[in-house]
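Peer 1: Here you go, sequence then predicted model.
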Amino acid sequence: MLAVAGVGVTLIGVLMLLVLAAQAGFFGPVARVVAGGVLSAGLVGAGWRVFGRPGGRVGGIALVATGIAGAYLDVVAVTGYYRWVAPGVGLAVALVVALVGVGIAMRWQSQPLAVGVVLGAAVLSPALTTELMLLGFLVVLQAAGVPVQMRKEWPVLHVARTLPVVLAASSVIAIGGLSAAISDEEVEQRGGLLVAAVACAVVGLVGAVLVVRRRAGDITASITIALTALPVLAAAMLFDRVVTASITGALAAVLLGLAATTLVPGLADRLGIPRHTALVSALTGAVSLLLTCVSATGSEPHLLPTALFAVALAFLAVAATSRTRVGAYVGIGFAVLGGLVLLIIASPETLALHRLADSRLDIATAAAAVLGLGVAAMVAWTVPRLPGWADQALVTGVWIAVSVVGLYYVLVAAVSLGVSLGGADGFILGHSLATIVWMVAATASLFYGLRRLSRSPAVAKVCLVSGLLVAAAALAKLFLFDLSTLSGLVRVAAFLVVGILLLLTGTRYARAFADSRPSDPAP
């Protein structure tokens, strides 16, 4: 603890030498920089000598960590504070200094030394430079730790080299976004922030992949993928919706592509990407894809449910073919989000009132509802095929939920098409069509269940329960809403069609159960 305190106090002293002494007018700039460099070199030399003596490990590590971090701060001051050298030269020299520090840490088998070098330089660098230059030096520290992580399982170093750049990038981007909103900040500044965020993400992603290929159990490396993606998502928000959607879409493509490698047997064996890395990449990519959908449909909110349902359909298709539950979870998540957005656009009040339906519903709403029906069907088809999800109670619950959701989507599609294409009577025609489709679906489900009654009782049970629920919903709508809302021949047609279908279903139902009873024995 004394050694750690000494590291911190000494580095603060170096910082005062480089900055506060300049503000007070002590010494000249060259003298301050040279003094900082000489002090850092002296600390490294002293630490090297102390380390080789009995009981000198702690003191040697503390002295070398202080010296290397001080030298790094000296380079930051020369580049970002005094601006004596070009940024590229300063970053290259800083990388060499950082590599020397982590190289000594590897030689001495000391994670505290590597952490001390990285944290000491990262925590005090903001006092010497700001914004883009600061992010550049923090990315250099992040990159310098990659070779160490490939050979040593040092999880604390993972966090120490990743967290400072992520926090700094997020803060600078947040401040940059606020400044841009107030003063119309130049595009070049935003572009620089985006480049810094992308560099952070690339170092995090490449470093994590290289690490997990050598040590498949390094979960900390996988987590850094998600952490380093955050600045990119934040930087994307600084631009207009088209550019934002392009940035988040590209990030989603990279992360989901990495996750997809585990689904191809030959490729998965060659790349050696563990499942926890694929899981983190898939979830982070899904979040990025969600932001892409929101950004791409920003000016047309009615298109957002369609985009979400399309993504849900893709994930569910992957889950069904590859038997991956993660894909199913993500697909169902997008399906739920799409359903909630559609529910906001086409609320029960909107569907019940002619005036609101005319103003809020259109062809886009109908297309979203139709696609939602496809997603609901895909959920019902996918769940029984996943490992551990074939439980009959779960399958029955999913079918019932899908039936209820499907009823609403049919109603939304019918009313939306009615008000868009049916003219003045479109609202009435849409509701009549929805009631009829409900009853047709109930009839089809009941007929299918009755046909499978003897061969597949479990399947028949699910279909019969779903069909009866849909039929009850159709009757409730017919008497509670259609009877008072519909008029003329439209109401007559609805009652006639529903009544005939009920007669056919009841007859078939009774005959099926009569045929399934054993015959009476002959006397």
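Peer 2: Looks like it came in fine.
Peer 1: Can you report phi and psi for residue 238?
Peer 2: Per-residue torsions, residue 238: phi -80, psi -10 (degrees, to the nearest 10).
Peer 1: Please give the element, helix or strand, for the spatially closest residue to it that is not a sequence neighbour.
Peer 2: Nearest non-adjacent residue to residue 238, counting by Cβ to Cβ, 6 or more residues apart in numbering: residue 190, 4.6 Å away. Every C-beta, even on glycine, is put in place using the N, C-alpha and C of the backbone. Per DSSP states H and E: residue 190 is located in helix 187-214.
Peer 1: For that helix, list every residue counted as buried.
Peer 2: Residues 190, 192-194, 196-201, 203-205, 207-209, 211-213 are the ones in helix 187-214 that count as buried (16 or more other Cβ atoms under 10 Å).
Peer 1: again with stretch 352-359
Peer 2: 356, 357.
Peer 1: what sits up against that stretch?
Peer 2: 349, 350, 351, 415, 416, 419, 427, 481 (Cβ atoms under 8 Å, 6 or more residues apart in numbering).
Peer 1: how does it look with 6 Å?
Peer 2: 350, 415, 419, 427 (Cβ atoms under 6 Å, 6 or more residues apart in numbering).
Peer 1: In contact with the nearest residue to residue 63 once chain neighbours are set aside, which residues?
Peer 2: Distances taken as Cβ to Cβ, 6+ apart place residue 47 nearest to residue 63, at 3.0 Å, with adjacent residues excluded. Residue 47 makes contact with 60, 63, 64, according to Cβ under 6 Å, 6+ apart.
Peer 1: From residue 62, how far off is residue 47?
Peer 2: Counting by Cβ to Cβ, to the nearest Å, the gap from residue 47 to residue 62 is 7 Å.
Peer 1: Please apply the same query to residue 412.
Peer 2: 68 Å.
Peer 1: between those two, who's got more neighbours?
Peer 2: Set side by side, residue 412 and residue 62 show more neighbours around residue 412, with 29 against 23, by other Cβ atoms under 10 Å.
Peer 1: Show me which residues of the strand or helix carrying that one are buried.
Peer 2: Secondary structure from DSSP H and E places residue 412 in helix 392-421. Neighbour counts over helix 392-421 (16+ other Cβ under 10 Å) mark 395, 398-399, 402-403, 405-420 as buried.
Peer 1: pLDDT weak spots in the stretch 251-400 of the chain?
Peer 2: 268 (pLDDT under 70).
Peer 1: Contacts only, for residue 380.
Peer 2: 398, 399, 402.
Peer 1: Not counting residues beside it along the chain, what's closest to it?
Peer 2: Closest to residue 380 by Cβ to Cβ, 6+ apart is residue 402, at 4.6 Å.
Peer 1: Can you give me the pLDDT of that neighbour?
Peer 2: The model reports residue 402 with a pLDDT of 88.
Peer 1: my guess is it meets residue 376, correct?
Peer 2: Yes: using Cβ atoms under 6 Å, residue 402 is in contact with residue 376, at 4.6 Å.
Peer 1: what's the angle from the strand or helix carrying residue 281 to helix 187-214?
Peer 2: If you go by DSSP H and E, residue 281 is part of helix 275-296. If you take axes from the mean of the first three to the mean of the last three Cα atoms, to 10 degrees, helix 275-296 sits at 160 degrees to helix 187-214.
Peer 1: Helix 275-296: how far from the chain's middle?
Peer 2: 3 Å (Cα atoms, centre = their mean, to the nearest Å).
Peer 1: Quick one: list the elements packing against that helix.
Peer 2: Contacts defined by 3 or more Cβ pairs under 6 Å, 6 or more residues apart in numbering; DSSP states H and E place helix 275-296 against helix 219-236, helix 241-260, helix 304-322.
Peer 1: Just the residues contacting it, thanks.
Peer 2: Against helix 275-296 from outside (Cβ under 6 Å, 6+ apart): 212, 219, 222, 225-226, 229, 241, 244-245, 248-249, 251-252, 255-256, 258-259, 262, 307-308, 311, 326, 330.
Peer 1: ok, now with 8 Å
Peer 2: 208-209, 212, 219, 221-223, 225-226, 229, 233, 236, 241-242, 244-245, 248-249, 251-256, 258-259, 261-262, 304, 307-308, 311, 315, 326-327, 330, 333-334, 337.
Peer 1: Residue 200 touches residue 140, doesn't it?
Peer 2: No: Residue 200 lies out of contact with residue 140 (Cβ atoms under 8 Å); the separation is 10.9 Å.
Peer 1: quick check: domain ranges of this protein?
Peer 2: What automatic domain parsing lists as the domains of the chain is 1-129, 149-296.
Peer 1: want to throw these into a markdown table with distance to residue 466?
Peer 2: As requested, the domains of the chain are exported to a markdown table (distance: least, Cβ to Cβ, whole Å):
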| stretch | distance to residue 466 |
| --- | --- |
| domain 1-129 | 59 |
| domain 149-296 | 30 |
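Peer 1: helices or strands up against the helix or strand harbouring residue 68?
Peer 2: Under the criterion of DSSP H and E, residue 68 resides in helix 57-76. Packing partners of helix 57-76 (3 or more Cβ pairs under 8 Å, 6 or more residues apart in numbering; DSSP states H and E): helix 2-15, helix 29-51, helix 87-107, helix 111-124, helix 131-144.
Peer 1: hmm, try it at 6 Å
Peer 2: Packing partners of helix 57-76 (3+ Cβ pairs under 6 Å, 6+ apart): helix 2-15, helix 29-51, helix 87-107, helix 111-124.
Peer 1: got the buried residues for the longest one?
Peer 2: What it means is helix 29-51. Along helix 29-51, these residues count as buried under the neighbour rule (16+ other Cβ under 10 Å): 32-33, 35-37, 39-40, 43-44, 46-48, 50-51.
Peer 1: Include distance to residue 74 and pLDDT when you put those into a markdown table, please.
Peer 2: Listed next are the buried residues of helix 29-51 as a markdown table, based on distance: Cβ to Cβ, whole Å; pLDDT from 0 to 100:
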| residue | distance to residue 74 | pLDDT |
| --- | --- | --- |
| 32 | 9 | 68 |
| 33 | 6 | 73 |
| 35 | 9 | 72 |
| 36 | 4 | 71 |
| 37 | 5 | 78 |
| 39 | 9 | 75 |
| 40 | 6 | 78 |
| 43 | 12 | 78 |
| 44 | 12 | 82 |
| 46 | 17 | 81 |
| 47 | 17 | 78 |
| 48 | 19 | 83 |
| 50 | 22 | 79 |
| 51 | 22 | 77 |
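Peer 1: Tell me which two in these are the farthest apart.
Peer 2: Between any two of the buried residues of helix 29-51, the greatest separation by Cβ to Cβ is 28.7 Å, found for 32 and 51.
Peer 1: Generate a markdown table for the contacts of residue 380, with distance to residue 508 as supplementary columns.
Peer 2: Shown next, in a markdown table, are those (distance: Cβ to Cβ, whole Å):
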| residue | distance to residue 508 |
| --- | --- |
| 398 | 26 |
| 399 | 20 |
| 402 | 23 |
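Peer 1: ok, so of these, who is nearest residue 157?
Peer 2: Using Cβ to Cβ, residue 398 is the member of the contacts of residue 380 that lies nearest residue 157, at 45.3 Å.
Peer 1: is it true that the closest one touches residue 383?
Peer 2: Yes: if you go by Cβ under 6 Å, residue 398 and residue 383 touch, sitting 4.9 Å apart.
Peer 1: Compute the number of surrounding residues for residue 501.
Peer 2: Around residue 501 there are 20 residues (other Cβ under 10 Å).
Peer 1: Just say helix, strand or coil for it.
Peer 2: helix (DSSP: H, G, I helix; E, B strand; the rest coil).
Peer 1: my guess is it contacts residue 439, does it?
Peer 2: Yes: if you go by Cβ under 6 Å, residue 501 and residue 439 touch, sitting 4.8 Å apart.
Peer 1: helix/strand/coil for residue 129?
Peer 2: The three-state assignment at residue 129 reads coil, by three-state DSSP.
Peer 1: Looking at it now. What's its pLDDT?
Peer 2: 80.
Peer 1: how close does it get to residue 90?
Peer 2: 10 Å.
Peer 1: Those two: which has the busier surroundings?
Peer 2: Taking other Cβ under 10 Å, residue 129 and residue 90 do not tie; residue 90 has more neighbours (23 against 20).
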